[in-house]
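Asks: Here is my input; please provide its structure:
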Amino acid sequence: MEKRGNTMSSTITFEEFQKLDIRVGKIVLADRIDGSDKLLRLRIEIGESKPRQIVAGIAKTHNPEKLVGTQVVILANLKPIKLFGVESNGMLLAADQDGAVLLKPEMELKAGTKVG
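Replies: Now for the predicted structure:
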């Protein structure tokens with residue numbers, strides 16, 4: 001295992017990395033989830049017929065209204081899961097430094113652009 005920062009992570013092969021569907025998306029809707037002070041429901045345009053719904057634990061550090069229009073990076077092929085009764089179809093990628101720091105492209109990209 002390789003030590004990175006304060007955590008241990010195992011090494012993956014290039015073929016395993018290629019299985020990850022990482023894409024650029026644009027947040028088109030963001031709102032709080034009833035009963036949770038940590039979670040936001042996001043609708044993210046990633047080039048599909050309708051925006052992808054993703055639940056993210058960023059409510060303590062991000063105002064939902066200010067997120068609309070923001071480009072972000074997501075993992076699109078994560079198995080769906082329900083959080084507080086809301087289905088999440090992917091994962092918003094963020095770093096953890098005094099709260100969530102969203103990963104964003106350095107310039108405007110087309111929604112759905114693959115990362116890798």
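Asks: Pull out the buried positions in the helix or strand encompassing residue 74.
Replies: Per DSSP states H and E: residue 74 is located in strand 71-75. Applying a neighbour-count criterion of 16 or more other CB atoms under 10 Å, one finds 71, 72, 73, 74 buried in strand 71-75. Heads up, the C-betas are built off the backbone N, CA and C, glycines and all.
Asks: same check, this time on stretch 29-46
Replies: For stretch 29-46, a neighbour-count test (16+ other CB under 10 Å) marks 30, 33, 36, 38, 39, 40, 41, 42, 43, 44, 45, 46 as buried.
Asks: where does the third one fall, helix, sheet strand or coil?
Replies: Under the three-state scheme (DSSP: H, G, I helix; E, B strand; the rest coil), residue 36 adopts coil.
Asks: OK, contacts around residue 48?
Replies: residue 112 (CB atoms under 8 Å, 6 or more residues apart in numbering).
Asks: buried residues in stretch 93-112?
Replies: 93, 94, 100, 102, 103, 109, 111.
Asks: ok, and what's touching it?
Replies: With contacts defined as CB under 8 Å, 6+ apart, stretch 93-112 is touched by 22-26, 45-48, 56-58, 60-62, 70-75, 92, 113.
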